[in-house]
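Asks: Just need the structure, nothing else, for what follows:
(4 chains)
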There are 2 protein chains.
Amino acid sequence: MSVIFSRQCEYALQAVVFLALKQNGEMTPIKELSKKLDIPYHFLGKILQDLTYKGLLVSLKGPTGGFRLGIPAKKITLAHIVEAIDGMGFSTSCVLGFAECSGEKPCAVHVQWKEMRERILAMLMNKNVLEVAADMHKPEYQLLH
Amino acid sequence: MSVIFSRQCEYALQAVVFLALKQNGEMTPIKELSKKLDIPYHFLGKILQDLTYKGLLVSLKGPTGGFRLGIPAKKITLAHIVEAIDGMGFSTSCVLGFAECSGEKPCAVHVQWKEMRERILAMLMNKNVLEVAADMHKPEYQLLH
DNA sequence: CCAAATTCGGACAGAAACATCTGAATCTTT
DNA sequence: AAAGATTCAGATGTTTCTGTCCGAATTTGG
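Replies: As a prediction, this is how the structure comes out:
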């Protein structure tokens, strides 16, 4: 394909950012997330279940149930979400696909690629979902309205 | 999963770099590439066929047949290979997975991500396989020996 | 207590990516 | 001309990812 993260992971990122928009302890059911973000209902259910198991979310059954963040939004970085769903494999993998490529036995583009990966990683670790959600509120970011 | 390029694309990158190591017009059969690079024989066959169709390689049947570069190594960049196999989708895609994310309707990390993508793209376009192959010759790069 | 809304858990279905198989076509060498 | 090595083309199999379905468990409100 040629995409950095899996579909699941993208859905997870969107969902967590969306939940971060709700500042009170309000619960959001799958149905709402599914509609607003246009993500398949049952598929999203699995993903949220997974994030709940990993501790990023908290769930509640029954009417008025749903999901909310399990940790303060400020403490959840994009890296946390990616790690929970896809793992951090991308941050060590070789562009050319050599399994043994490493600092001791590098491929010819190892150092340059390493820098890219580290930049990406730094960005993911530096962005918490509170910031992201706050930005999405601003009029110039219309995707979640 | 969480990898930048598809398996096919990684195999293609490796194979083309390997072929760039052979400076004379010598043909290399699939069997040799498959063994040296540890790539499944028939799968690699398809990929080389594809690269041949795209003009990056030239093939010849029969004994003494095989594949060689179809363009001078210096003119083939890593970007050319990626484009031939995976396409350049990654260079425009949104990290959060929003389909409509763009300059006019950005997500909250659009600008930062755009910079990452552009850096990656620049690196892929600036690296030609002659350089890469030459580096792989050097003793500090042992992966292809 | 009951009905309705929700998550939970497991099985299943479909699509895409990865890989293999087989026979045909082509080329080289003898 | 024959034999062997190779690519080519299409069909098929396998695995992983994506998505669906259903029934059970839980919670709320009447």
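Asks: Rounded mean pLDDT for stretch A:66-83, please.
Replies: Across stretch A:66-83, pLDDT averages out at 98.
Asks: what ranges do the strands span in chain A?
Replies: A:57-60, A:66-69 (DSSP state E).
Asks: Pick the most deeply packed of these.
Replies: Across the strands of chain A, the average number of neighbours (mean count of other C-beta atoms under 10 Å in any protein chain shown) peaks for strand A:66-69, which reaches a mean of 21. To be clear about C-beta, it is placed using only N, CA and C from the backbone, and glycine gets the same treatment.
Asks: Report whether that one contacts DNA strand C.
Replies: Yes. Strand A:66-69 lies within reach of DNA strand C by C-beta under 7 Å from any atom of the strand, at A:Gly66, A:Phe67.
Asks: Determine how far that strand lies from the middle of the whole chain.
Replies: Averaging C-alpha positions (C-alpha atoms, centre = their mean, to the nearest Å) puts strand A:66-69 15 Å from its chain's average.
Asks: Not counting that strand itself, show me its contacts.
Replies: A:16, A:19-20, A:22, A:25-30, A:32-33, A:48, A:52, A:56-60, A:76, A:129 (C-beta atoms under 8 Å, 6 or more residues apart in numbering or on different chains).
Asks: now check it, is it near DNA strand D?
Replies: No. Interface with DNA strand D: strand A:66-69 contributes nothing (C-beta under 7 Å from any atom of the strand), its closest point being 10.7 Å away.
Asks: Output that strand as CSV, nothing but the C-alphas.
Replies: Output of strand A:66-69 as CSV, limited to C-alpha atoms (Å, rounded to 0.1, in the frame of the first residue of the first chain):
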residue,chain,number,x,y,z
GLY,A,66,-19.5,4.8,26.1
PHE,A,67,-15.9,5.8,26.2
ARG,A,68,-13.8,8.6,27.6
LEU,A,69,-10.1,9.2,28.1
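Asks: A:Gly45: neighbouring residues, count only.
Replies: 16 (other C-beta atoms under 10 Å in any protein chain shown).
Asks: Name the residues that touch stretch A:74-90?
Replies: A:4-6, A:8-9, A:12-13, A:16, A:20, A:47, A:50-51, A:54, A:56, A:69, A:117, A:120-121, A:123-130, A:132, B:1-4, B:95, B:109.
Asks: Now the buried members of the residues you listed.
Replies: A:4-6, A:8-9, A:12-13, A:16, A:20, A:47, A:51, A:56, A:69, A:117, A:120-121, A:123-124, A:127-130, A:132, B:2-4, B:95, B:109 (16 or more other C-beta atoms under 10 Å in any protein chain shown).
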